[in-house]
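**Q** Okay, here's the prediction I keep looking at, along with the sequence it came from:
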Number of protein chains: 2
Amino acid sequence: MSYLDRMTSDDAPVIGRSGSYAKGVARRREILDRAIEVFTERGADGTSLRRIAQALGVSHAALLHYFDSREQLLVAVYEHAEARRDEENHGHRPERAVDVMVEAAMLNVEVPGLVQLYSTLVAAALEADSSASKSFFTTRFENVREQLTNDLRRDQEAGLVRDDVDAKDVAALIVAASDGLQIQWLLEPSIGLQETLRAFSALLAPPAAR
Amino acid sequence: MSYLDRMTSDDAPVIGRSGSYAKGVARRREILDRAIEVFTERGADGTSLRRIAQALGVSHAALLHYFDSREQLLVAVYEHAEARRDEENHGHRPERAVDVMVEAAMLNVEVPGLVQLYSTLVAAALEADSSASKSFFTTRFENVREQLTNDLRRDQEAGLVRDDVDAKDVAALIVAASDGLQIQWLLEPSIGLQETLRAFSALLAPPAAR
DNA sequence: GTCTATACGTCGATAGAC
DNA sequence: GTCTATCGACGTATAGAC
């Protein structure tokens, strides 16, 4: 079950009733596809409900039938774009967990507007106590850190990563460094995203490998 | 000359004319002081020109005599809050450059709303080609990285930091890790900001110290 | 220089008709 | 499911009082 199948409680179509469920899912996907295009072209500020609706040929109120709010729509757009990024790159996985993040960052930065959307949503997540973005990023960070921690522990046991640092701390650092560097790179591409991330990777090499 | 003395070209008071310059600066400071309070209480979304103006007892249009736009005002608020943070902490400087950033992050996170304001402005900086935030963060990142690079080179020569990594890369990584971790910590304080940043610090220790 | 008053266009969100 | 109509609030701009 993908995120596309998630509907809000009050407008979720009944499954099995003349295909209305699949239709709702398809409509959601159409909206998200157009929305990411609008976002890429005009940025976060230019991506109002009215503009997305215009691109679809409907009124802006129609969009709120599929998403509770603009913010929730933007979160869905991010998930959608991220999933597409991964589909297009069903390639090889690097040996070490660190390098998985390095490659993900490189891919991220190639999708126009994706980092910008990410930053916009992170800022929104730090807003009021309850927002659509807040729960999304809280669980997202949690999941990514946990996955990464496990992979790092495995790498440490295999002697691929130095074991004198806590895997949990390193996991949080990798996520932070990756996120932060993508922003710095967008503002100043001359810093060299790949080289810098590889430097981080080098810091994690076990003493024997040096 | 501090950032408070910077005025936009068309409304800059003439220096030496019956103290109007100092008055303008004082008024700016009043506005910024109230604005940071509003921001702390209500967040970025709740910090409209009208609300700041209300807190000052003036109309919202009055604020635009001191700042060209809301975004420029918010940038000034961030600079102001950051300067205050540094004033209150004219304390000791750690031996290594890395640990300067560790302490700065700890202080940042203690000022309510500061990280949120930072995130908001970063998101704005990634927006259109020309925004008040964009030039601010571009030069800010540049300056911080340059200062940090020099300090790191010094530490490397002194044998305090391992010298098998490029100081330039490490500088960008430190900024990225610090920024990224502050966000993760705000969403999940249990990750332990200080411990995690110290883990990064440990990765930079020279082989001899291990 | 400082500020008020006012207006313009846009926004997210909601209510109710079809 | 989608529409229109409408609401309150927003950033910005301008004209003019003092």
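**A** Arrived safely.
**Q** rest of the way, CA atoms for contacts and neighbours
**A** Will do.
**Q** Quick one: the strands in chain A, in order.
**A** Counting by DSSP state E, chain A has no strands at all.
**Q** DNA strand D contacts on that one?
**A** A:11, A:13, A:20, A:24, A:27, A:57-63, A:65 (CA under 7 Å from any atom of the strand).
**Q** For those, please prepare JSON lines with the additional fields pLDDT and neighbour count.
**A** Formatted as JSON lines, these follow (pLDDT from 0 to 100; neighbours: other CA atoms under 10 Å in any protein chain shown):
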{"residue": "A:Asp11", "pLDDT": "42", "neighbour count": "12"}
{"residue": "A:Pro13", "pLDDT": "48", "neighbour count": "17"}
{"residue": "A:Ser20", "pLDDT": "72", "neighbour count": "14"}
{"residue": "A:Gly24", "pLDDT": "87", "neighbour count": "18"}
{"residue": "A:Arg27", "pLDDT": "97", "neighbour count": "14"}
{"residue": "A:Gly57", "pLDDT": "98", "neighbour count": "9"}
{"residue": "A:Val58", "pLDDT": "98", "neighbour count": "13"}
{"residue": "A:Ser59", "pLDDT": "98", "neighbour count": "15"}
{"residue": "A:His60", "pLDDT": "98", "neighbour count": "16"}
{"residue": "A:Ala61", "pLDDT": "98", "neighbour count": "11"}
{"residue": "A:Ala62", "pLDDT": "98", "neighbour count": "12"}
{"residue": "A:Leu63", "pLDDT": "98", "neighbour count": "21"}
{"residue": "A:His65", "pLDDT": "98", "neighbour count": "14"}
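**Q** Out of these, name the ones that lie in helices.
**A** A:Ser20, A:Gly24, A:Arg27, A:His60, A:Ala61, A:Ala62, A:Leu63 (DSSP state H).
**Q** Give me every residue in chain A lying close to DNA strand C.
**A** A:Gly46, A:Thr47, A:Ser48, A:Leu49, A:Arg50, A:Arg51, A:Ala61, A:Leu64, A:Asp68, A:Ser69, A:Arg70, A:Glu71.
**Q** ok, the fourth one - contacts?
**A** Read it as A:Leu49. The contact partners of A:Leu49, by CA atoms under 8 Å, 6 or more residues apart in numbering or on different chains, come to A:His60, A:Leu63, A:Arg70.
**Q** ok, so what distance separates it from A:Val38?
**A** Shown here: A:Leu49 relative to A:Val38, a distance of 10 Å by CA to CA, to the nearest Å.
**Q** Check the last one too.
**A** In this structure, A:Glu71 and A:Val38 are 15 Å apart, going by CA to CA.
**Q** for A:Val102, what are its contacts?
**A** A:Ser178, A:Gln194, A:Leu197, A:Arg198.
**Q** out of the residues you listed, who's nearest B:Met101?
**A** Distance to B:Met101, by CA to CA, is smallest for A:Ser178 among these, at 17.4 Å.
**Q** what's around A:Tyr66, how many residues?
**A** Using other CA atoms under 10 Å in any protein chain shown, A:Tyr66 has 19 neighbouring residues.
**Q** Oh, that last question was meant for A:Ala171, not what I typed.
**A** A:Ala171 has 23 nearby residues by other CA under 10 Å.
**Q** The helix ranked longest in chain A - contacts with which helices or strands?
**A** If you go by DSSP H, chain A has its longest helix at helix A:132-157. Counting contacts by 3 or more CA pairs under 8 Å, 6 or more residues apart in numbering or on different chains; DSSP states H and E, helix A:132-157 is packed against helix A:70-88, helix A:97-110, helix A:114-125, helix A:167-187, helix B:167-187.
**Q** Briefly note if the last one comes near chain A.
**A** Read it as helix B:167-187. Yes. Counting by CA under 8 Å from any CA of the partner chain, chain A is contacted by helix B:167-187 at B:169-170, B:172-181, B:184, B:186-187.
**Q** Just flag the most distant two among those.
**A** B:Asp169 and B:Leu187 (27.3 Å).
**Q** Find the residue at the geometric middle of chain A.
**A** Nearest residue to the geometric centre of chain A (CA atoms, centre = their mean): A:Glu82, 5.1 Å.
**Q** can you tell me how far it sits from chain B?
**A** 18 Å (CA to the nearest CA, to the nearest Å).
**Q** cool, A:Ala44 as well?
**A** Distance from A:Ala44 to chain B, by CA to the nearest CA: 7 Å.
**Q** That residue against A:Leu121, yeah?
**A** No. Using CA atoms under 8 Å as the test, A:Ala44 is too far from A:Leu121 to be in contact (9.7 Å).
**Q** and the two? which has more neighbours close in?
**A** Between A:Ala44 and A:Leu121, counting by other CA under 10 Å, A:Leu121 is the more crowded of the two (26 against 22).
**Q** Leaving out the residues flanking it, which one is nearest to the more buried one?
**A** Once flanking residues are discounted, A:Leu121 sits nearest to A:Ser133: 6.0 Å by CA to CA, 6 or more residues apart in numbering or on different chains.
**Q** and what of A:Gln184?
**A** Counting by CA to CA, 6+ apart, A:Gln184 lies nearest to B:Phe141, which is 7.2 Å off, once chain neighbours are set aside.
**Q** Measure how buried the one you found is and give me the count.
**A** Neighbours of B:Phe141 (other CA under 10 Å): 16.
**Q** What pLDDT does the model give it?
**A** B:Phe141 carries a pLDDT value of 98.
**Q** just A:Tyr66 next, same as before
**A** Note on A:Tyr66: pLDDT of 98.
**Q** How about the one 3 residues further on?
**A** For A:Ser69, the pLDDT comes out at 98.
**Q** Could you list which of the contacts of A:Val102 also contact chain B?
**A** A:Ser178, A:Leu197.
**Q** Selection in ChimeraX covering whichever of the contacts of A:Val102 are buried, please.
**A** In ChimeraX, this line selects whichever of those come out buried by 16 or more other CA atoms under 10 Å in any protein chain shown:
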select /A:178,197
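**Q** ok, the contacts of A:Val102 vs A:Glu103, which is closest?
**A** Among those, and counting by CA to CA, the member closest to A:Glu103 is A:Gln194, at 8.3 Å.
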